[in-house]
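Trainee: here is my input, please return the structure:
(chains A, B, C and D)
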2 protein chains.
Amino acid sequence: MTEGPAPARTSARAATIYEVARLAGVSHQTVSRYMADRSKLRAATSEKVERAMAELKYTPNLTARSLRTKGTYRLLALVPGSSPYFPSRMLSGAATTAQAAGYQLDVVALEGTGPERTERLRRILDGGPFAGALSFVPISGPDLLQAQERIPVVVAGDYDDQMRGQGRISDGSAARAIVAHIAALGHHRIAHIAGPQEWPAARNRLAVYRRAVQEAGLEDCGSAEADWSAASGYAAANALLTGPSFTAIFAANDQLAIGAIRALHDRGLRVPADVSVVGWDDHPESAFLIPSLTTVHMDLEAQGSRSMEQLLVALKPGGTPLPEPGPTGMRLVLRESSGAAPIPAATGAGQTSLEP
Amino acid sequence: MTEGPAPARTSARAATIYEVARLAGVSHQTVSRYMADRSKLRAATSEKVERAMAELKYTPNLTARSLRTKGTYRLLALVPGSSPYFPSRMLSGAATTAQAAGYQLDVVALEGTGPERTERLRRILDGGPFAGALSFVPISGPDLLQAQERIPVVVAGDYDDQMRGQGRISDGSAARAIVAHIAALGHHRIAHIAGPQEWPAARNRLAVYRRAVQEAGLEDCGSAEADWSAASGYAAANALLTGPSFTAIFAANDQLAIGAIRALHDRGLRVPADVSVVGWDDHPESAFLIPSLTTVHMDLEAQGSRSMEQLLVALKPGGTPLPEPGPTGMRLVLRESSGAAPIPAATGAGQTSLEP
DNA sequence: CACTATTATGTGATCGATAACATGAGGGCG
DNA sequence: CGCCCTCATGTTATCGATCACATAATAGTG
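Mentor: Next up, the predicted model:
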């Protein structure tokens, strides 16, 4: 079978509370109390313990502690293992917030699909070392319920769905702004390249797109589903080009926009002279592309941090039920990839043509 | 002070070996042995245990196990917290390999600088739950030695330095190929945009560049140091443009190349007609840029996996000292951003180029 | 000053697993 | 048949911390 784990290196064996206690001339429990709340000790005792700890370079054994308390200082972050398109800045925001609250955040990739993945999820949670989990990966309803029997689980981005249920849309304002921008530029026909629909963010952006297009009185020339990659954005744009003609594309993230721009380029269509393209996320590179990308800037760190706060609230026994997920500092960033709609007569040749 | 961690949810308390043992009518130790090596048990006993485990949905408490064995099934991956330029594919390669060997890989961001960071590193390792660490972040010599007193620590990419010490350069062949490619296109003057020099990969690429340029008989028009971002690539290219003129830029990664191309574009220089630009890493988007990027493809997953193998070897008590880090499936990918050197007379305005 | 209320500290049990040692059943051999 | 040896299984100790309770020390009150 699998080989067992290697034993820890024995060279620099860490001191225990018993050794500290002996050196300080107190009981082990006093040392334990020192760590829990030193104000409960007499100043003289406290100082003896402190000195002993320093001398032995004592650090508590967290494994032993959590065996006893069951409480654990570890939280779990589930990230997509396979997709390199996961914004790691969300993770770092979440990690910072977790650490500030005294938790350590462990990142585990959740791969696979279906029952196999469910099984993996169960195994991870059953090990028991985690106090809660924050998933950046979509989790199906039944799986989520099963997981939540063990520990609180928050799925980042799911509030998007809830918001939509309440008639509000969390990404709404920026998306409306982007569509309004397109409309103001004189465009009438627009298409969408959507992300994988099991992602709340992708669902949300698609919904926002549809609503905003309707509100602005534009014509929806369809949407194509893609994964989050530039390659699939390329394919999706090509697919859209076989349908009704349009003069603007709204892509669900910047990579998709990059792929779309290239697809247009390869067909001889200029961006933005013939077709405008807007992205979403404002990747650090997007300002330097040619053409630079009009996109929606997201404060991904704040978003990760906020998701973590939701989890932290859920961890507290009497935690308040819903931490209002306020706006996330999104804003429209106008750059070169969006421009005035082409004058119909001038571009007739380019748009109506379908070539292999 | 900091609030303690929350207690674990008690709803679905997990079964222990004692409960399994009682249900199966055996001793708890027999259950333990079943997990360690079921072939040591009589078939009948083994089956009783198996049934009891299934009925109680038993899963071992890893915390308790590792308290007793000291051995721990957890490995640590240190990643740069702040830099979004860390290739997460390396991480996923490492994680896969770790899991195959029966380890769980926990990812922790190592941020900050100087003594503060050293302290953070010490605290992470002292907690004691890790059997070993794989760092994707550069660690200074003294810090590394201190860390290695506790557990084996492997710094990914450091073998680059060792290789250079041995007169070999691990990235060598591909870099030589890229410079040869530039030379074959008729370029004579080339410049380099380097990554942060505390990163082994950045040092290595710079060294490789210098050697290859010399071997190919090209003229080195200098190198500018940058962080890994497109923004700093933009600034570095502008800085290089104030120096001796050149017709090719070799950037240490794709983002830097993107920034450089944009800087050239903003100065009215065409890529590749006036200046060729090559990158390194072959990001998934690089094929879709305009112009698409000539770059060095890296099998980042394999590289992460190989680093993990090094660590796994170091974990074994009698582990062989050096796991030969073979070639990593690098290859030159030729795309649009590199092309024939401009004919001196034709480009006089942009580049006051003279034959050497 | 005696006597209780409070606070500080010590003692033993415990979390859930494995390690070390003890014991019992069965088999081989003289 | 009895002795010893092996193999399967049971019993008790242990990892390093906290918890629950007991006890010693101090403070407060009439």
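
Trainee: residues of chain A that sit close to DNA strand C?
Mentor: Near DNA strand C, the residues belonging to chain A are A:25-30, A:33, A:40-42, A:44-46, A:64, A:67-68, A:70 when assessed by Cβ under 7 Å from any atom of the strand. For the C-beta atoms, the positions are set from N, CA and C on the backbone; glycine is no exception.

Trainee: low pLDDT regions in the stretch 151-300 of chain A?
Mentor: By pLDDT under 70, the low-scoring segments of the stretch 151-300 of chain A are A:158-173.

Trainee: that one: strands as residue ranges?
Mentor: A:153-155, A:189-194, A:219-225, A:248-251, A:276-278, A:295-297 (DSSP state E, counting those that start in this stretch).

Trainee: could you say which of those strands is packed most deeply?
Mentor: Among the strands of the stretch 151-300 of chain A, strand A:248-251 has the highest mean neighbour count (mean count of other Cβ atoms under 10 Å in any protein chain shown), at a mean of 30.

Trainee: that one and chain B in contact?
Mentor: No. Using Cβ under 8 Å from any Cβ of the partner chain, strand A:248-251 never reaches chain B; the gap is at least 12.2 Å.

Trainee: do the same with stretch A:223-242
Mentor: Yes. Stretch A:223-242 is in contact with chain B by Cβ under 8 Å from any Cβ, via A:Ser229, A:Ala230, A:Ala231, A:Gly233, A:Tyr234.

Trainee: do I have it right that the third one meets B:Pro284?
Mentor: Yes. Counting by Cβ atoms under 8 Å, A:Ala231 touches B:Pro284, with 6.9 Å between them.

Trainee: list residues touching both of these two?
Mentor: Counting by Cβ atoms under 8 Å, 6 or more residues apart in numbering or on different chains, A:Ala231 and B:Pro284 have no contacts in common.

Trainee: so who does the residue in chain A positioned nearest to DNA strand D touch?
Mentor: As assessed by Cβ to the nearest atom of the strand, DNA strand D sits closest to A:Ser32 within chain A, at 2.8 Å. Applying Cβ under 8 Å, 6+ apart to A:Ser32 gives the contacts A:Ile17.

Trainee: where does it land on pLDDT?
Mentor: On pLDDT, A:Ser32 comes in at 93.

Trainee: okay if I get the strands of the stretch 151-300 of chain A as TSV plus distance to B:Pro244?
Mentor: Listed next are these as TSV, based on distance: least, Cβ to Cβ, whole Å:
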stretch	distance to B:Pro244
strand A:153-155	55
strand A:189-194	44
strand A:219-225	48
strand A:248-251	41
strand A:276-278	38
strand A:295-297	37
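
Trainee: closest one to B:Ala52 among these?
Mentor: When the strands of the stretch 151-300 of chain A are compared by Cβ to Cβ, strand A:153-155 sits nearest B:Ala52, at 28.7 Å.

Trainee: avg pLDDT for stretch A:40-58?
Mentor: Model confidence over stretch A:40-58 averages 90 on the pLDDT scale.

Trainee: stretch A:119-136 vs DNA strand D: in contact?
Mentor: No. Under the criterion of Cβ under 7 Å from any atom of the strand, stretch A:119-136 makes no contact with DNA strand D; the nearest approach is 13.9 Å.

Trainee: and that stretch, end to end?
Mentor: 18 Å (Cα to Cα, to the nearest Å).

Trainee: list buried residues within the residues of stretch A:223-242 next to chain B.
Mentor: A:Ser229, A:Ala230, A:Ala231, A:Gly233, A:Tyr234 (16 or more other Cβ atoms under 10 Å in any protein chain shown).

Trainee: out of the residues you listed, which comes closest to chain B?
Mentor: A:Ala230 (4.4 Å; Cβ to the nearest Cβ).

Trainee: didn't the closest one look like it was pressed against B:Phe288?
Mentor: Yes. A:Ala230 is within contact range of B:Phe288, at 4.4 Å (criterion: Cβ under 8 Å).

Trainee: now for those two: what residues contact both?
Mentor: Contacts common to A:Ala230 and B:Phe288, judged by Cβ under 8 Å, 6+ apart, are A:Ile258, A:Gly259, A:Arg262.

Trainee: ok, and the most crowded of those?
Mentor: A:Ile258 (31 neighbours; other Cβ atoms under 10 Å in any protein chain shown).

Trainee: pretty sure that one contacts B:Ile290?
Mentor: No. Applying Cβ under 8 Å, one finds A:Ile258 not in contact with B:Ile290, separated by 9.0 Å.

Trainee: A:Asp299 - how many residues pack around it?
Mentor: There are 18 residues near A:Asp299, going by other Cβ under 10 Å.

Trainee: check contacts around the nearest residue to it once chain neighbours are set aside.
Mentor: Once flanking residues are discounted, A:Asp299 sits nearest to A:Gly329: 3.9 Å by Cβ to Cβ, 6 or more residues apart in numbering or on different chains. A:Gly329 makes contacts with A:His297, A:Met298, A:Asp299, A:Ala302, as judged by Cβ under 8 Å, 6+ apart.

Trainee: got the residues of chain A near DNA strand D?
Mentor: Residues of chain A found near DNA strand D (Cβ under 7 Å from any atom of the strand) are A:13-14, A:16-18, A:28-29, A:31-32, A:35-36, A:60-61, A:64-65, A:67-69.

Trainee: right, I'll leave it there.
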